[in-house]
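> can you look at this prediction? I've put the sequence above it.
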Amino acid sequence: MAVLLNFVAHAQSPAAQDSAAPAEPSVAPTTSSQPAPGAAPQPARRRHDARDLCITQEDAASELLNRRRQIGGRIIMDTFLLPSGSNVDIGLDEPFTGSEYFFAALDVGAAAPVIMDRPDVKARQAADTDPMVKKGLIGRDRTIINLRVPDVRDAPWQRAQLYVFTCQGGSPFKVSEASVRVSPALYSSALAWLIVLLGYLIAAFAFRATPPPRWYGYLDPIAMSAGADGKASLGKLQILMFSLIVFGLITYFLLRTGVLTDISSTVLLLLGITGIGSTIAKGTDNSRTSLTPENRAWLLRKQWLPSQLNPGNIDAHWRDLFTTEGEFDVYRYQSFIFSLVVGGALIIGGVTQLSSFDIPQTLLGILGLSQIVYIGGKLVTPTSMADLNKSIEDLRQTEKKFRATAIAATGGVLPADLAAAVVPASQAAYDDYMSLATDVATLFTAQTGIAVPAARLAPSL
């Protein structure tokens, strides 16, 4: 019985079943469908997407420089220089399809070219508002490509090769090429500032008849904007500031593109507001704060007034910009602070494109209103120069009265000198003149800062 149970157990075991099962035909493994034992599985190769960059710095020489690819449309530029470090529009003389993705490369002769990927190269159809369309360089159905060119500082203003290409099957398909000169943003900005500084120094050294006490006095803009009285002029300072800003921006764009940029109408209006305001203010000052021609000629004959037009030493200070007759002038201050705001906006906004720079009309209106109020304040503000003119006119008439009295006292003959002219008959007229002359000389010195010697107070015959 035990032998029978052992036999049944052995027949039901898996080993016995395997040995009893019929053998299946063997099939050789295929190497194409199964990886080798121990090898990592290989990912399936992804199909090339036209939006992917098909070139690197390593293979740019073989893919672009050998010129084996199909030639694309002609590259068109409306500038002589390619401004690196900014966005620039170039034209491509081929119809715009909207289905192609463009890439770019810039070879400046360095070890590796600069590659611009798809986010740096954007294509669109040309429009009537594009400068190249307005100039007739490209048609409205052509392609405009906006390049965001990195600031390439190798070989500034030297020849370089610009490539614009599309991809097909993972390699460049159509390649357009043009020879350009690269203008770096950093070098152009630094050189523009140096040119502006040189222009400022030329003006600073040229206007001075005598050197200042210290060398840095040449750089004082307040002294440069001094008027005929030697005091600082707000109108001249505004014109100087805006002129230097616009000159610097024009120089910067010339270094960047090689083309003289246009000036927007608002910038011209800004220069016009300051220029007209300064001219009117100067005319107002001349009419109200200057000596009349008759009084000036009399003072020159009496040698109370120097013969030169401008004083020898310039006594200009910042306070002159905000004061009138020694008092704080809110109109001057208002015009000054709004000029600073507009000047800052011109530097920040005009550095991108001076021809399209736009100053808000409200801000221009405020600046213009400040000029009007400033000039109006000059017209209504009383000035002691008017009193000085009146006093000098009275003194001239008193001198004529003394001369007539002296001639009558000497029998109608002009006395030979002052001692002969002062006789008892003319003593009262002489005393009246000297009393008035002392007062007028005091007022003249207070107004002009020019002292009158006692020997020049005597009347002239």
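Sure thing, it's come through. Only a predicted model underlies this, so the values are computations on that prediction, with no experimental measurement involved. Residues are numbered from 1 along each chain as shown.
> can I assume residue 172 sits in a strand?
Yes. Counting by DSSP: H, G, I helix; E, B strand; the rest coil, one finds residue 172 located in a strand.
> so what's it up against?
Contacts here follow CB atoms under 8 Å, 6 or more residues apart in numbering; on that basis residue 172 touches 54, 55, 63, 64, 69, 165, 166. Glycine gets a C-beta too; all of them are placed from N, C-alpha and C.
> apply 6 Å and report the result again.
The contact partners of residue 172, taken as CB atoms under 6 Å, 6 or more residues apart in numbering, are 54, 55, 63, 69, 165.
> which stretches of the stretch 151-300 of the chain have low pLDDT?
228-229, 275, 277-289 (pLDDT under 70).
> now do the strands in it.
For the stretch 151-300 of the chain, the strands identified by DSSP state E, counting those that start in this stretch occupy 159-168, 171-183, in order along the chain.
> from those, which stretch is densest packed?
strand 159-168 (a mean of 20; mean count of other CB atoms under 10 Å).
> ok, residues contacting it?
50, 54, 64, 100, 102-108, 172-180, 182.
> with stretch 296-307 instead?
Applying CB under 6 Å, 6+ apart, the set of residues contacting stretch 296-307 from outside is 396, 452, 456.
> what residues sit buried inside that stretch?
Along stretch 296-307, these residues count as buried under the neighbour rule (16 or more other CB atoms under 10 Å): 298, 299, 302, 304, 305.
> ok, now stretch 247-262?
Of the residues in stretch 247-262, those with enough neighbours to count as buried (16+ other CB under 10 Å) are 248, 249, 250, 251, 252, 253, 254, 255, 256, 257, 261.
> and what of stretch 150-158?
Going by neighbour count (16+ other CB under 10 Å), the buried part of stretch 150-158 is 150, 152, 156.
> ok, back up a step: how about the buried residues of stretch 247-262 in CSV, adding distance to residue 328?
Written out in CSV, the entries for the buried residues of stretch 247-262 read as follows (distance: CB to CB, whole Å):
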residue, distance to residue 328
248, 32
249, 34
250, 37
251, 37
252, 38
253, 40
254, 42
255, 43
256, 43
257, 46
261, 40
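> tell me the two of the residues you listed that are most distant?
For those, the maximum inter-member distance is 15.2 Å, found between 248 and 257 (CB to CB).
> hang on, the earlier thing: which one in the contacts of residue 172 is the model shakiest on?
In terms of pLDDT, the least confident member of the contacts of residue 172 is residue 69, at 73.
> using CSV, lay out the buried residues of stretch 296-307 together with distance to residue 75.
Output for those, formatted as CSV (distance: CB to CB, whole Å):
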residue, distance to residue 75
298, 75
299, 72
302, 77
304, 74
305, 69
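> can you tell me which of those residues is nearest residue 271?
Nearest to residue 271 among the buried residues of stretch 296-307, with distances taken as CB to CB, is residue 305, at 35.0 Å.
> make sure that closest one is indeed in a strand.
No. Remark: residue 305 does not belong to a strand; assigned using three-state DSSP, it is coil.
> state the distance from it to residue 447.
Between residue 305 and residue 447 the distance, using CB to CB, to the nearest Å, works out to 11 Å.
> again with residue 89
Using CB to CB, one obtains 61 Å as the distance from residue 89 to residue 447.
> kindly report the same for residue 169.
Counting by CB to CB, the gap from residue 169 to residue 447 is 88 Å.
> show me which of the two is the more surrounded one.
Neighbours per residue (other CB atoms under 10 Å) separate residue 169 from residue 447, with residue 447 holding more: 18 against 10.
> pLDDT at that one, what is it?
Model confidence at residue 447 (pLDDT) stands at 76.
> what's the PyMOL line that selects buried ones from the contacts of stretch 296-307?
Only the buried members of the contacts of stretch 296-307 enter the following PyMOL selection, criterion being 16+ other CB under 10 Å:
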select buried, resi 396+452
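> identify those among the contacts of stretch 296-307 that sit within helices.
Among the contacts of stretch 296-307, the members falling in helices (DSSP state H) are residue 396.
> now distance to residue 201 too, for the contacts of stretch 296-307, in CSV please.
Listed next are the contacts of stretch 296-307 as CSV, based on distance: CB to CB, whole Å:
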residue, distance to residue 201
396, 46
452, 39
456, 41
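> from the contacts of stretch 296-307, which is closest to residue 322?
When the contacts of stretch 296-307 are compared against residue 322 (criterion: CB to CB), the nearest one is residue 452, at 30.1 Å.
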